[in-house]
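In: sequence plus predicted model, see below.
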Number of protein chains: 2
Amino acid sequence: MTSSRDVAKAAGVSQATVSRVIQGHDNVRPETRDRVLQAMRATGFRPNAQARALRTNRSHNVAVVVGRILNPLYPALLEQLGAQLFAAGYRMTIWEAEVGGEEAAMDALSQSLVDGVILTTATKPTPAITDAIKANAPIVLINRTLKGLECQQVASDNYRGACSVAEHFASGGRKRPAVISGPKGPSTIEQREAGYLNKLADLDLRVPEQYRERVTAITHQTGVDAARRLLELPEPPDAVFCANDLIAFAAMSALKERNLTPGKEVWIAGYDDVEMASWPVFDLTTVRQPIGAIAREGTRLLLDQLNGSADVPRTTLLANNLIIRGTSHRRRNEKNKDA
Amino acid sequence: MTSSRDVAKAAGVSQATVSRVIQGHDNVRPETRDRVLQAMRATGFRPNAQARALRTNRSHNVAVVVGRILNPLYPALLEQLGAQLFAAGYRMTIWEAEVGGEEAAMDALSQSLVDGVILTTATKPTPAITDAIKANAPIVLINRTLKGLECQQVASDNYRGACSVAEHFASGGRKRPAVISGPKGPSTIEQREAGYLNKLADLDLRVPEQYRERVTAITHQTGVDAARRLLELPEPPDAVFCANDLIAFAAMSALKERNLTPGKEVWIAGYDDVEMASWPVFDLTTVRQPIGAIAREGTRLLLDQLNGSADVPRTTLLANNLIIRGTSHRRRNEKNKDA
DNA sequence: GTGAAAGCGCTAACAA
DNA sequence: TTGTTAGCGCTTTCAC
């Protein structure tokens, strides 16, 4: 490993000058700079990032904490986050919450391994989180929000997104709407459930207890089971809103078992608009989250904080879009009703 | 930020002793150790990982380079890799090859930012890769292999896996097998195609040119298009082997368009056995890759190299398993034929 | 415009 | 068992 000292020797300058060239300072005579660059190339020099990080107390590394990375929403989110951070000169390290990644990320923060943390799946304000935020550490919550936490939070408006599903069901003449919700905890799930049920109530559609299913873990199997329970009822629902697309796909499996066609006897709607939702086999009505915008805004807020230009902490909610596809169909003369 | 020096002062010992306690050396009197630990807690001390990394020249960080993270195979692979590395005391940074991540990861390696690199989607020996390997840098290729590269490589045996599909098709009485292959380059794709075609030839089943489709990018749409072209032929194939599960799902979409049932008129097989393949809606015959074993073996080889106990570079191929599901069905009396 | 010198927070000889 | 000391490779005053 050649160091800046070696380069200095080779170029016949001081090590400090090499450092200036590395950083692109303009107070170096062009001729000198060229000589140094030459020497760098000749020696195959690469500045040691650890040393720089130690000196500047900046690692240019951001930790992103995710939940089960197998949910296709997260890869999409990560891709966006990675691109945003990369563009800003940061690297992204990924930490899985399920295996203690959340605490580990906070640890990394206090060890100066990462400059900031983006939490995408925070479900409760653990001591690790609240302590760090109290210490004014650069932490941003995206996707899921947490009430009463004094930090920047960015999510999509899951409540209103779910409302739009309720309206869609109602305007489509659905009389027995049901819901398959997810685990208690994640704000996303809770708000979708609340938005859907409240809006339906506004529209004079009560959702009885037996039409309210809940999976405790988001897997295909649990989704299928929940949907089966609904379909086995004496009077099955004629529309099912699912906590997310994965559950909706599972519900479609359950319909298929009974030779029911989504969009005919039973309408189905999901949430997220993961890529698969648009595949012809699924053609799923769902609510699209502005993943790109969430990632962009979250990154921006974190970088602002790192640059000291932090705004006052607030929760930003971005608008969602109902995407109507084949699993729910409005009759033609109703098209104007819900403009 | 409190440093080890602060702790030393608080505990009334030298900074070196604090360092010993941090590292768990046993040549510290228990009483002294306790005093130091006490002081650590009191001051909220966290050792600075950058400083340690600079000193030891070990970052305990491994870069994993992936391709399009949206292919569900990669999240699964990453999850396994992350768990393995975490268990060994390493963190994982993820780099996307598509946005220059491969070069960037090599850069990070030469900057001592990461201790090693795991490439999951290497398609050709770029100068960055070959130079690094020539310099004996800790680099391991998994999933995709590269001929003639002097480093540890771990993959599943895609050639033989594809052979088993060919045998399955043949023993099921398929007469007009086709293939939808993927982009040229990735060893996985090429070997699947070769294994399938060669084995079919062995079995006296030639695959004519018009039965050999190829998508240039792995997306649902390109897969649908390729499958359509096959189905529009005067005499369409009665079995299609797809480069991976994503393409197979797309082929199923194309069948559905024409009201064909996968497993009846046309058999479909994929590759990877991503989670969705087992969903009732797909119920896809496919070849399961031993993702866990690949991750485990790849991690082991990298860590060996980091510990100086490196073996001679070789390419390890792990066995794959044909998973027969609903998109291909053998008649009962043929069940024994291909034991 | 350039160099000398101090030091980021830690590890690891070496001494005692 | 503990302390002293010398750096790891860089950035950043402060002189000149």
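Out: Sure, I can see it. Bear in mind that the values here come from a model prediction, so they are computed numbers and not experimental data.

In: what about stretch A:93-110, start to end distance?
Out: Chord length of stretch A:93-110, first to last residue, is 15 Å (CA to CA, to the nearest Å).

In: show me what contacts the spatially most central residue of chain A?
Out: Central residue of chain A (CA atoms, centre = their mean): A:Asn143, 4.4 Å from the mean position. If you count contacts by CB atoms under 8 Å, 6 or more residues apart in numbering or on different chains, A:Asn143 has them with A:77, A:120-121, A:154-155, A:188, A:294. Bear in mind the C-beta positions are built from the backbone N, C-alpha and C, glycine included.

In: for chain A, name the helix or strand with the lowest mean pLDDT.
Out: Between all helices and strands in chain A, the lowest mean by mean pLDDT, DSSP states H and E belongs to strand A:91-96, at a mean of 88.

In: now A:Leu230: how far from chain B?
Out: 17 Å (CB to the nearest CB, to the nearest Å).

In: the stretch 151-300 of chain A: strands as residue ranges?
Out: A:152-156, A:177-181, A:212-214, A:239-242, A:267-269, A:286-288 (DSSP state E, counting those that start in this stretch).

In: out of those, deepest packed?
Out: Per residue and on average, the most neighbours among the strands of the stretch 151-300 of chain A fall to strand A:239-242, with a mean of 31 (mean count of other CB atoms under 10 Å in any protein chain shown).

In: that one pairs with which strands?
Out: As defined by DSSP bridges, the strand partners of strand A:239-242 come to strand A:177-181 (parallel), strand A:267-269 (parallel).

In: what comes into contact with the shortest one?
Out: For strand A:267-269, the surrounding residues in contact (CB under 8 Å, 6+ apart) are A:165, A:168-169, A:172, A:174, A:238-242, A:248, A:251-252, A:255, A:262, A:284-287, A:327-329.

In: identify the bridge partners of A:Ala155.
Out: A:Leu317.

In: report the contact partners of it.
Out: Counting by CB under 8 Å, 6+ apart, A:Ala155 has contacts A:141-145, A:187-188, A:294, A:315-318.

In: buried ones among these?
Out: Neighbour counting by 16 or more other CB atoms under 10 Å in any protein chain shown classes A:141-145, A:187-188, A:294, A:316-318 among the contacts of A:Ala155 as buried.

In: which of those sits closest to B:Gly161?
Out: Among the buried ones among the contacts of A:Ala155, A:Asn143 lies closest to B:Gly161 (CB to CB), at 36.8 Å.

In: any idea how far B:Trp279 is from the closest one?
Out: Here A:Asn143 is placed at a distance of 25 Å from B:Trp279 (CB to CB, to the nearest Å).

In: so A:Gly148 sits right up against A:Pro125, yeah?
Out: Yes. Using CB atoms under 8 Å, A:Gly148 makes contact with A:Pro125 at a distance of 7.4 Å.

In: near DNA strand D, which residues of the stretch 51-200 of chain A? Just list them.
Out: A:51-52, A:54-56 (CB under 7 Å from any atom of the strand).

In: reformat these as TSV; add secondary structure, pLDDT and distance to B:Arg68.
Out: Listed next are these as TSV, based on DSSP: H, G, I helix; E, B strand; the rest coil; pLDDT from 0 to 100; distance: CB to CB, whole Å:
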residue	secondary structure	pLDDT	distance to B:Arg68
A:Ala51	helix	95	34
A:Arg52	helix	95	31
A:Leu54	helix	94	35
A:Arg55	helix	94	37
A:Thr56	helix	93	34
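
In: and which of those is nearest to A:Thr32?
Out: Checking these against A:Thr32 with CB to CB, the nearest one is A:Arg52 at 21.2 Å.

In: in contact with the closest one, which residues?
Out: Contacts of A:Arg52 by CB under 8 Å, 6+ apart are A:Arg58.

In: return the distance of it relative to B:Pro138.
Out: Noted for A:Arg52: a distance of 22 Å to B:Pro138, by CB to CB.

In: mind putting the contacts of A:Ala155 in CSV, pLDDT and distance to DNA strand C included?
Out: Compiled in CSV, the contacts of A:Ala155 are given as follows (pLDDT from 0 to 100; distance: CB to the nearest atom of the strand, whole Å):
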residue, pLDDT, distance to DNA strand C
A:Leu141, 98, 28
A:Ile142, 97, 30
A:Asn143, 96, 33
A:Arg144, 95, 33
A:Thr145, 96, 34
A:Ser187, 95, 36
A:Thr188, 96, 38
A:Ile294, 98, 34
A:Thr315, 97, 33
A:Thr316, 97, 34
A:Leu317, 98, 39
A:Leu318, 98, 38
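
In: and of these, the nearest to B:Asp34?
Out: The closest of these, once distances to B:Asp34 are taken by CB to CB, is A:Leu141, at 38.2 Å.

In: okay, and for chain A, where does confidence drop off?
Out: A:69-70, A:330-339 (pLDDT under 70).

In: can you list the residues of the stretch 151-300 of chain A near chain B?
Out: A:220, A:224, A:249-250, A:252-253, A:256-257, A:275-276, A:278-282 (CB under 8 Å from any CB of the partner chain).

In: top of these by neighbour count?
Out: When neighbours are counted by other CB atoms under 10 Å in any protein chain shown, A:Met252 leads those with 30 neighbours.

In: that one against B:Val281, yeah?
Out: Yes. Between A:Met252 and B:Val281 there is a contact under CB under 8 Å: 6.4 Å.

In: list residues touching both of the two?
Out: A:Phe282.

In: flag every residue of the stretch 51-200 of chain A that's near DNA strand C.
Out: So far as CB under 7 Å from any atom of the strand goes, the stretch 51-200 of chain A lies against DNA strand C at A:51, A:54-55, A:57.

In: so can I have TSV of those showing neighbour count?
Out: Formatted as TSV, these follow (neighbours: other CB atoms under 10 Å in any protein chain shown):
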residue	neighbour count
A:Ala51	17
A:Leu54	20
A:Arg55	11
A:Asn57	12
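
In: many thanks, we can stop here.
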